[in-house]
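A.B. asks: turn this into a model:
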Amino acid sequence: MATRQDIQAIKERIDMVSLVSRYVSLVKSGSAYKGRCPFHKDDTPSFMVSPEKGLWHCFGCGEGGDVVAFLMKIERLSFVEAAKRLAEEAGIAFDSTEDGEREAMRTIVAAVAESYAANLTNAREGKKARAYFESRGFDEAVWKRFGLGYALPGWDHVKRAFGARYGIEKLVELGILVEGEKGTYDRFRDRTIFPIYDLSGRPIAFGGRAFEDEQPKYLNSPTTPLFDKGRLLYGLSWAREAVREAKAAILVEGYTDVLTLHQAGIENAVCSMGTALTQGQADLLGRFVEEVVIAYDRDAAGSAASVRGMQILRNSGLAVRVAQLAEGEDPDSLVRKFGADAMRRAVADAAPFHRFYLQTLAAMHDPSTVTGKERILAEARDFYRGVQSLPLQQEIAKGVAELVDLPFEGVARELGGRPKRAASDETVDAAPTQRFAEEEILLSLLLRGDIRWGTIAAVAGPDDFSAPYRPIAEALANADESPTISELIEGLDEDAARRARELSLAENVFDRDTGRAVQDALDRLVRVPALDRKLAELDREIRASAEAEDWGRWEALQRESTACMLEKRSLASEKIARRGMYGRDQREARSEAEEDESR
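C.D. replies: You can find the predicted model right below:
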């Protein structure tokens with residue numbers, strides 16, 4: 001396993017442009033390079049590579065990262081596989097210390113898994129758990145094949161059995177014990193246990209199911225050095241060969257769904273451990289399959305989290321269909337009641353995910369009424385905008401138009417603007433363009449190193465930025481004097497990292513000098529909103545003083561309000577003056593200033 005220092009050395013030694021050029025034709029564009037994205041149909045070059053920053057990003061599909069992430073994505077490799085291949089190119093030998101530590105952790109988890117399995121087969125202690133598994137059709141052969149187990153009632157069975165041998169801190173780190181106010185205790189108590197395996201078939205975490213109505217019904221291990229729920233799929237270690245052969249995976253919601261399908265001979269089933277599929281899980285599936293069939297129960301399939309997961313899969317280049325199970329059925333119950341062939345038919349008849357979504361909308365809202373049409377359009381808008389494929393967007397707009405019986409052009413405008421016209425294949429120098437908001441301008445300048453945080457710190461803080469951009473602002477405010485963009489991105493979540501890449505690599509963020517851009521952005525982001533809040537507060541106090549007939553205070557407040565209005569107009573005038581030196585900017589500046597003044 002590579003150390004953090006190894007990865008940094010790889011990034012420094014590998015020529016990103018040379019590596020990417022093996023797969024993508026790049027042309028110079030300023031200090032960066034541009035090409036057509038290899039991860040989606042890219043009619044105009046929206047794929048940018050910055051050797052200076054060590055980053056690549058596609059402004060079309062949103063994919064991006066560093067040199068390791070590119071090789072992982074393009075070759076469908078794991079992080080370790082990609083890092084090792086690049087290390088060989090760079091002449092770097094991995095430090096094996098971390099491998100030893102992780103192997104020791106795996107030994108601990110395996111020992112605990114064996115203990116849970118032994119509890120299940122214990123004649124007295126495992127009776128209740130055995131009865132549950134047998135009621136679901138899982139006999140002893142299934143217990144052994146999938147490593148099923150049972151966590152005993154009580155707070156410290158695992159702690160007493162393994163604490164002295166492996167250390168309490170290590171068991172807490174692996175999520176086996178919980179650190180509470182009154183000490184440590186077993187995480188899993190009186191639950192059936194489903195060990196979670198890595199791709200090599202080694203147990204690295206656990207899922208526990210409660211009996212009867214105890215909450216939570218399902219409890220998973222937390223994120224640990226071995227386990228990240230958002231980057232793993234339950235059952236994939238058993239399904240690897242089947243999904244490769246079928247080039248398709250059946251994605252189910254629960255552990256028992258996977259076990260029942262595998263037991264029935266449908267061995268390309270894997271579990272997302274909930275309906276909130278992540279980009280990491282989509283990337284993992286993309287290494288093995290071309291298509292994913294969603295097989296959740298009907299309510300879960302139509303949930304917002306499921307729909308977002310389908311969009312992630314589709315935007316990752318995978319075909320996505322939805323198996324429409326009978327009301328009240330999930331894959332486990334369907335197979336147990338009607339047999340494996342019923343499940344196979346449901347998979348064969350699965351509908352493309354966007355058609356399933358439109359059917360769900362039609363069932364939720366009456367498209368024959370004005371209110372129903374309005375609600376369908378409102379809900380379809382986010383769905384439409386969450387899809388990156390232009391042909392698929394047009395299919396969605398067409399389907400919505402037919403559903404609500406309205407003209408296609410009007411529906412397309414309502415969903416996200418008029419359908420984009422694909423550029424000709426000969427277009428090679430188009431650049432992604434958009435209008436940037438004030439906070440995006442400031443963050444872009446900061447991320448590109450054009451200004452430092454200290455330049456704006458006296459006026460703006462992280463709290464002045466909206467929620468999507470606040471993590472980036474906090475990282476910049478708390479960073480060392482000159483952090484690299486890669487270092488900043490490492491500490492951000494997936495969405496914030498994508499935004500940071502976009503802003504650091506964006507072209508034509510503004511068309512005026514940096515000083516004016518900073519002042520204009522700070523005015524609109526901080527100064528004008530602060531004056532608006534102050535004016536609103538003064539207005540309330542003026543009304544209150546008038547009602548109280550406190551005319552002395554009323555006059556003082558009026559003078560203060562006038563001063564605030566003058567300051568706001570002064571900011572607007574300064575903006576016009578700053579841009580007035582450039583004739584083409586003056587009309588835009590005056591329009592923005594009038595907008596600020598009217599707020």
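A.B. asks: can you pull the buried residues of stretch 544-562?
C.D. replies: For stretch 544-562, the neighbour count (16 or more other C-beta atoms under 10 Å) marks 545, 554, 557, 561 as buried. Glycine gets a C-beta too; all of them are placed from N, C-alpha and C.
A.B. asks: gap between the residue nearest to the second one when sequence neighbours are not counted and A497?
C.D. replies: In other words, W554. Counting by C-beta to C-beta, 6 or more residues apart in numbering, S545 is the residue found nearest to W554 once chain neighbours are left out, at 4.3 Å. Taking C-beta to C-beta, to the nearest Å as the measure, S545 and A497 are separated by 50 Å.
A.B. asks: helices of the stretch 1-150 of the chain, residue ranges please.
C.D. replies: For the stretch 1-150 of the chain, the helices defined by DSSP state H, counting those that start in this stretch cover 4-13, 16-21, 67-75, 79-90, 97-121, 127-135, 140-146.
A.B. asks: for those helices, could you give me a markdown table that also reports mean pLDDT, distance to V322 and mean neighbour count?
C.D. replies: Shown next, in a markdown table, are these (pLDDT from 0 to 100; distance: least, C-beta to C-beta, whole Å; neighbours: other C-beta atoms under 10 Å):
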| stretch | mean pLDDT | distance to V322 | mean neighbour count |
| --- | --- | --- | --- |
| helix 4-13 | 82 | 38 | 16 |
| helix 16-21 | 90 | 35 | 17 |
| helix 67-75 | 88 | 25 | 20 |
| helix 79-90 | 84 | 30 | 17 |
| helix 97-121 | 88 | 34 | 17 |
| helix 127-135 | 94 | 29 | 15 |
| helix 140-146 | 93 | 26 | 15 |
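A.B. asks: got these as TSV, with distance to D366 columns?
C.D. replies: TSV is the format used below for these (distance: least, C-beta to C-beta, whole Å):
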stretch	distance to D366
helix 4-13	55
helix 16-21	51
helix 67-75	43
helix 79-90	49
helix 97-121	51
helix 127-135	41
helix 140-146	46
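A.B. asks: nearest to R385, of those helices?
C.D. replies: Nearest to R385 among these is helix 67-75 (23.3 Å), distances taken as C-beta to C-beta.
A.B. asks: which helices and strands does the closest one pack with?
C.D. replies: helix 4-13, helix 16-21, helix 79-90 (3 or more C-beta pairs under 8 Å, 6 or more residues apart in numbering; DSSP states H and E).
A.B. asks: of those, which is nearest L392?
C.D. replies: helix 16-21 (26.5 Å).
A.B. asks: and the nearest residue to Y234 once chain neighbours are set aside, how far from A556?
C.D. replies: Of all residues not flanking Y234 in the chain, C271 sits nearest, at 3.9 Å (C-beta to C-beta, 6+ apart). Here the criterion is C-beta to C-beta. By it, C271 lies 67 Å from A556.
A.B. asks: likewise for A475?
C.D. replies: Taking C-beta to C-beta, one finds A475 at 43 Å from A556.
A.B. asks: and if you look at I396?
C.D. replies: 58 Å.
A.B. asks: check A269 too.
C.D. replies: Distance of A269 to A556, given as C-beta to C-beta: 73 Å.
A.B. asks: and what of V292?
C.D. replies: Distance from V292 to A556, by C-beta to C-beta: 67 Å.
A.B. asks: contact partners for G410?
C.D. replies: A401 (C-beta atoms under 8 Å, 6 or more residues apart in numbering).
A.B. asks: secondary structure element for it?
C.D. replies: helix 408-416 (DSSP states H and E).
A.B. asks: which strands or helices does the following helix or strand past that helix pack on?
C.D. replies: Helices and strands here follow DSSP H and E; after helix 408-416, the next one along the chain is helix 438-447. With contacts taken as 3+ C-beta pairs under 8 Å, 6+ apart, helix 438-447 sits against helix 453-457, helix 470-478, helix 494-505, helix 514-522.
A.B. asks: closest one to A242 among those helices?
C.D. replies: Per C-beta to C-beta, nearest to A242 of the helices and strands packed on helix 438-447: helix 494-505, 28.7 Å.
A.B. asks: from the middle of its chain, how far away would that closest one be?
C.D. replies: Offset of helix 494-505 from its chain centre (C-alpha atoms, centre = their mean, to the nearest Å): 12 Å.
A.B. asks: so what touches it?
C.D. replies: 32, 48, 50, 53, 55, 57, 59, 62, 64-65, 278-280, 440, 443-444, 447-448, 468-469, 471-472, 485, 488-489, 492, 509.
A.B. asks: give me the buried stretch members for that helix, please.
C.D. replies: Buried-residue list, helix 494-505, by 16+ other C-beta under 10 Å: 496-505.
A.B. asks: out of the residues you listed, who's nearest V320?
C.D. replies: Set against V320, the nearest of the buried residues of helix 494-505 by C-beta to C-beta is R498 (20.7 Å).
A.B. asks: distance check, the closest one against T484.
C.D. replies: 18 Å.
A.B. asks: still on that earlier bit, what's the closest of the helices and strands packed on helix 438-447 to T121?
C.D. replies: Nearest to T121, of the helices and strands packed on helix 438-447 and by C-beta to C-beta, is helix 494-505 at 41.4 Å.
A.B. asks: what average pLDDT does that closest one get?
C.D. replies: Across helix 494-505, pLDDT averages out at 82.
A.B. asks: list the contacts of T192.
C.D. replies: 129, 132-133, 148-151, 208-209, 211.
A.B. asks: for beta bridges, what are the partners of the closest residue to it other than its chain neighbours?
C.D. replies: Excluding the flanking residues, the one nearest T192 by C-beta to C-beta, 6+ apart is R209, at 4.8 Å. Applying DSSP bridges to R209 gives these bridge partners: T192, Y218.
A.B. asks: ok, so what distance separates R209 from C37?
C.D. replies: Distance, R209 to C37, by C-beta to C-beta: 42 Å.
A.B. asks: what of I10?
C.D. replies: I10 sits 23 Å away from C37, going by C-beta to C-beta.
A.B. asks: and G386, backbone torsions?
C.D. replies: phi -80, psi 0 (degrees, to the nearest 10).
A.B. asks: was I right to think it contacts R308?
C.D. replies: Yes - counting by C-beta atoms under 8 Å, G386 touches R308, with 7.0 Å between them.
A.B. asks: how is this structure divided into domains?
C.D. replies: In the domain annotation for the chain, the residue ranges read 4-90, 97-227, 230-357, 365-416, 438-598 (automatic domain parsing).
A.B. asks: just name the most buried of those.
C.D. replies: When the domains of the chain are scored by mean count of other C-beta atoms under 10 Å, the highest mean neighbour count falls to domain 230-357 (a mean of 20).
A.B. asks: rounded mean pLDDT for that one, please.
C.D. replies: On average, domain 230-357 scores 90.
A.B. asks: and that domain, how far out from the chain middle?
C.D. replies: How far domain 230-357 lies from its chain's middle: 19 Å, per C-alpha atoms, centre = their mean.
A.B. asks: likewise for stretch 174-194?
C.D. replies: With C-alpha atoms, centre = their mean, you get 28 Å for stretch 174-194.
A.B. asks: coming back round to it: would TSV of the helices and strands packed on helix 67-75 with distance to E414 be doable?
C.D. replies: Putting the helices and strands packed on helix 67-75 into TSV (distance: least, C-beta to C-beta, whole Å) gives the following:
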stretch	distance to E414
helix 4-13	45
helix 16-21	38
helix 79-90	42
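A.B. asks: out of those helices, which gets nearest to V404?
C.D. replies: Nearest of the helices and strands packed on helix 67-75 (C-beta to C-beta): helix 16-21, 43.9 Å.
A.B. asks: what segments of the stretch 201-350 of the chain are strands?
C.D. replies: 203-210, 218-220, 248-252, 269-271, 291-294, 319-322 (DSSP state E, counting those that start in this stretch).
A.B. asks: show me what the third one is packed up against.
C.D. replies: With contacts taken as 3+ C-beta pairs under 8 Å, 6+ apart, strand 248-252 sits against helix 255-263, strand 269-271, strand 291-294.
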